[in-house]
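Asks: Just the structure for this:
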Amino acid sequence: MSCARAALGCVVTVLAASGCTAVAERGDAAAATAVRLLSAVAERDGAAACGLLAPETAAEVEQSADRPCAEAILTEQLPAAGPVTATHVYGQRAQVRLSADTVFLAVFPGGWRVVAAGCTPEGEKPYDCVIEGG
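Replies: Sure, this is the predicted structure:
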C-alpha cells in the first residue's frame with residue numbers, strides 16, 4: 001500500500017470518527033435540554049422551562065392558557081423526566097425519547113430548544129403532544 005493511500009485511509013477514519021462524535025455530542029446536548037425542560041416543570045420553575053422552549057412553542061403555551069408562559073407551562077400535564085432511552089438527530093432537528101415521554105427539538109442561535117413535549121405515538125398518525133408550537 002502506498003504512503004498516500006495509507007494516509008488517505010487514516011484521514012477518512014479520523015473524519016468518520018469525528019463525524020460520529022459530533023452527532024453524538026449534538027444528541028447529548030438535545031437530550032440534556034429535554035431533561036432540563038421536564039425537570040424545570042417538575043421543580044415548578046416555569047421561567048427556566050419557558051427559556052428552553054422554541055419561540056413559537058412558548059407563544060402557543062401562553063396563548064392556549066391566556067397567561068404568561070412561566071405560569072401556563074406549570075399547568076400542562078408533562079411527565080417527569082425519566083431516563084433517556086433514545087436520541088435521534090436529523091440535521092437541525094432532534095427527537096429525544098425518555099421512559100415516559102418523547103420530546104422534539106430544533107437548533108436555534110442559542111442552542112437546542114424544545115418544539116414539542118409530552119408527546120405520545122398515535123400509531124400511523126403523528127404524535128399527540130401536550131405542548132407544541134403552531
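
Asks: how far away is residue 50 from residue 56?
Replies: As judged by C-beta to C-beta, to the nearest Å, residue 50 and residue 56 stand 13 Å apart. (Each C-beta comes from the backbone N, C-alpha and C, glycine too.)

Asks: Looking only at neighbour counts, state which of the two leads.
Replies: residue 50 (23 against 14; other C-beta atoms under 10 Å).

Asks: Need phi/psi at that one.
Replies: Dihedral angles of residue 50 (phi, psi; degrees, to the nearest 10) stand at phi -70, psi -30.

Asks: my guess is it contacts residue 65, does it?
Replies: No. Under the criterion of C-beta atoms under 8 Å, residue 50 makes no contact with residue 65, lying 11.8 Å away.

Asks: now the strands for the chain?
Replies: Assigned strands in the chain, in chain order: 84-90, 93-98, 101-108, 111-122, 125-132 (criterion: DSSP state E).

Asks: Redo the ones you listed as JSON lines? Include mean neighbour count.
Replies: As requested, the strands of the chain are exported to JSON lines (neighbours: other C-beta atoms under 10 Å):
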{"stretch": "strand 84-90", "mean neighbour count": "15"}
{"stretch": "strand 93-98", "mean neighbour count": "20"}
{"stretch": "strand 101-108", "mean neighbour count": "21"}
{"stretch": "strand 111-122", "mean neighbour count": "19"}
{"stretch": "strand 125-132", "mean neighbour count": "16"}
